[in-house]
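A.B. asks: Sequence first, then the predicted structure, then my questions.
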Amino acid sequence: MGSCIVISAGDFKLCDIEKKAGDLCIAVDGGYLYCKMLGLEPDFVVGDMDSLEEEVKKEVAKLELCHPERVIRLKPEKDDTDTLAALRLGLAQGYREFCIYGATGGRIEHTIANIQCLAFLKNQGAKGYLLEATNMLTVIQDETVGFQPSMEGYLSLFALGERAEGVTITGMKYPLEKAVITHDFPIGISNEFIGQTAQVTVEKGMLLVVVSWPE
């Protein structure tokens, strides 16, 4: 099975997004307009449609008329955010890797909510990535992840939870060995890739991983 591509309605810098065989594409509310701009045909459109312009709303309504199973309208008053509802849909379709675009910027509370969505995916046994032009965010828990020597830029780690234990960083400018990272001291910010194979391990707990690279 491929990846679930989720296009949300936050800040988005146009880039090439390839939908491969086996991938699922979900447009989240105003993310439908981004899909149009990218030439991507979403398999589903999910949301309360509050961020769509009138002409685009008409287009979604036309799609709904022809293919009602592809448009999932949500009530404005709900517990799940539109993006979280899209992730639940992708999980129900069997997907375990999620590439999420347009999920940062704009209102900061939505960015924080989407970071929490990464934790939600991790707790469901899935992988999620918030992807931007110069940043990638993901969550790791009780595991090791690696980075190729070609990686450039910065890596930052933040505890999602009170503490993350046994944090080890190798192959980077600032190594760390079996450290504790807590939620009230940002010691893991702005490490640097140095052209070596790098690894990050957390033995117990959950970390937000932020990779930032030059444009």
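C.D. replies: All right, it came through fine.
A.B. asks: Lowest-scoring secondary structure element of this protein by mean pLDDT?
C.D. replies: When the helices and strands of the chain are scored by mean pLDDT, DSSP states H and E, helix 54-66 comes last with a mean of 88.
A.B. asks: Show me what counts as buried in that helix.
C.D. replies: For helix 54-66, a neighbour-count test (16 or more other Cβ atoms under 10 Å) marks 59-60, 64 as buried. C-beta coordinates here come from the backbone N, C-alpha and C atoms, glycine included.
A.B. asks: now do stretch 32-49
C.D. replies: 32-35, 38, 40, 42-49.
A.B. asks: Need those in JSON lines (columns: secondary structure).
C.D. replies: Output for these, formatted as JSON lines (DSSP: H, G, I helix; E, B strand; the rest coil):
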{"residue": "Y32", "secondary structure": "helix"}
{"residue": "L33", "secondary structure": "helix"}
{"residue": "Y34", "secondary structure": "helix"}
{"residue": "C35", "secondary structure": "helix"}
{"residue": "L38", "secondary structure": "helix"}
{"residue": "L40", "secondary structure": "coil"}
{"residue": "P42", "secondary structure": "coil"}
{"residue": "D43", "secondary structure": "coil"}
{"residue": "F44", "secondary structure": "strand"}
{"residue": "V45", "secondary structure": "strand"}
{"residue": "V46", "secondary structure": "strand"}
{"residue": "G47", "secondary structure": "strand"}
{"residue": "D48", "secondary structure": "coil"}
{"residue": "M49", "secondary structure": "coil"}
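A.B. asks: so which of those would you say is closest to L74?
C.D. replies: D48 (4.7 Å; Cβ to Cβ).
A.B. asks: check contacts around that closest one.
C.D. replies: 29, 73-76, 78, 82 (Cβ atoms under 8 Å, 6 or more residues apart in numbering).
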